[in-house]
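Asker: sequence and predicted structure below; questions after.
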Amino acid sequence: MEQLSLSAMKVANAATLTSSHGIAGEPDLRYVVYIPFLHKPGYEGKLEEVARAFTSAVMLRLAQGSTVKFDFRTPPEPTLSSIVESHKSYMATKPDAYIGALKDIGSWTIPPKRKFLPEETPTPSRLYPCTREEELPLNLQFERYETFIVILDKPGFIDGTGVLFLLTDGGRLNKLLPSSNPLHDSDPDFVETQVWRSTDMSTVVRRLAMLAAMPVWREEDWVEDEDAAVGCNADL
């Protein structure tokens, strides 16, 4: 079992856990996790215990050698609005693309069955769940949700359904859609905030690690002839 390292920056309402060999470089997974049930009687002071339990459960379900870094926080109040407000303040201190699963973005932007051009060197990027369809890294027809939060809202999250994903700051119709797209001038139902509840920890890990995500590309981007590949670009 991979050893976990508790950050020395631990404070009363926050702690960071990393897998031991993922401290120096970029971890494969990095997320911010909020634990509102720590406000309940009997759970005060158990941030580190809960953080270790969640991280260990994730590591057990990842491929050997995977690395993680999770920032665990107790929100000021055990409400979704408090969590969102706290998260936005916290993320304002972090660099862009701080959370998500580290993926070779080239596999999402280059059509399959051809080699990379010199200017198309794969660049690792972070992806996180943006749609309920696991195979889609994002829905091209709608704006990406800019805020993604992991929430442990029940003490029995390892064996039960105690993990939430909260998505907000997105979901509007993508104004960059070409005019030929049937949704270009439509006004579909807009969901500013979505809250998804997990079915089990295996699903949680599969979604956080983006294990089922498949490349997104257009049929017209399929290129068999390498000489004709110049200028091809996939929608992301």
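Answerer: Cool, got the structure.

Asker: which residues are in contact with the longest helix seen in the chain?
Answerer: Scanning the chain for the longest helix, with DSSP state H as the assignment, gives helix 47-60. Residues outside helix 47-60 that contact it (Cβ atoms under 8 Å, 6 or more residues apart in numbering): 1-2, 4, 6, 10, 13-15, 17, 19, 29, 33, 35, 38, 43, 66, 68, 70, 72, 74, 152, 155, 157-158, 201, 204-205, 208. Every C-beta, even on glycine, is put in place using the N, C-alpha and C of the backbone.

Asker: and the following helix or strand past it, average pLDDT?
Answerer: Later in the chain than helix 47-60, the nearest helix or strand by DSSP states H and E is strand 68-73. Averaged over strand 68-73, pLDDT sits at 95.

Asker: next: stretch 163-179.
Answerer: Mean per-residue pLDDT for stretch 163-179: 75.

Asker: same question, stretch 32-50
Answerer: Stretch 32-50 comes out at a mean pLDDT of 94.

Asker: where do the strands of the chain begin and end?
Answerer: Counting by DSSP state E, the chain has strands at residues 4-6, 14-19, 29-34, 68-73, 100-104, 124-127, 147-152, 163-168, 194-197.

Asker: want to try JSON lines for these, with distance to residue 86 and mean neighbour count as columns?
Answerer: Listed next are these as JSON lines, based on distance: least, Cβ to Cβ, whole Å; neighbours: other Cβ atoms under 10 Å:
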{"stretch": "strand 4-6", "distance to residue 86": "21", "mean neighbour count": "16"}
{"stretch": "strand 14-19", "distance to residue 86": "10", "mean neighbour count": "20"}
{"stretch": "strand 29-34", "distance to residue 86": "7", "mean neighbour count": "23"}
{"stretch": "strand 68-73", "distance to residue 86": "7", "mean neighbour count": "24"}
{"stretch": "strand 100-104", "distance to residue 86": "19", "mean neighbour count": "18"}
{"stretch": "strand 124-127", "distance to residue 86": "21", "mean neighbour count": "17"}
{"stretch": "strand 147-152", "distance to residue 86": "9", "mean neighbour count": "22"}
{"stretch": "strand 163-168", "distance to residue 86": "12", "mean neighbour count": "21"}
{"stretch": "strand 194-197", "distance to residue 86": "16", "mean neighbour count": "14"}
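
Asker: need those in JSON lines with distance to residue 49, can you?
Answerer: Converted to JSON lines, the strands of the chain look like this (distance: least, Cβ to Cβ, whole Å):
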{"stretch": "strand 4-6", "distance to residue 49": "11"}
{"stretch": "strand 14-19", "distance to residue 49": "10"}
{"stretch": "strand 29-34", "distance to residue 49": "14"}
{"stretch": "strand 68-73", "distance to residue 49": "11"}
{"stretch": "strand 100-104", "distance to residue 49": "26"}
{"stretch": "strand 124-127", "distance to residue 49": "28"}
{"stretch": "strand 147-152", "distance to residue 49": "12"}
{"stretch": "strand 163-168", "distance to residue 49": "17"}
{"stretch": "strand 194-197", "distance to residue 49": "23"}
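
Asker: quick one: which of these is nearest residue 213?
Answerer: strand 124-127 (6.6 Å; Cβ to Cβ).

Asker: looking at this protein, which helix or strand is least sure?
Answerer: For the chain, using mean pLDDT, DSSP states H and E, the weakest element among its helices and strands is helix 106-109, scoring a mean of 51.

Asker: can you pull the contacts of residue 161?
Answerer: Residue 161 neighbours (Cβ under 8 Å, 6+ apart): 154, 197-200.

Asker: neighbour-wise, which one of these leads?
Answerer: residue 198 (19 neighbours; other Cβ atoms under 10 Å).
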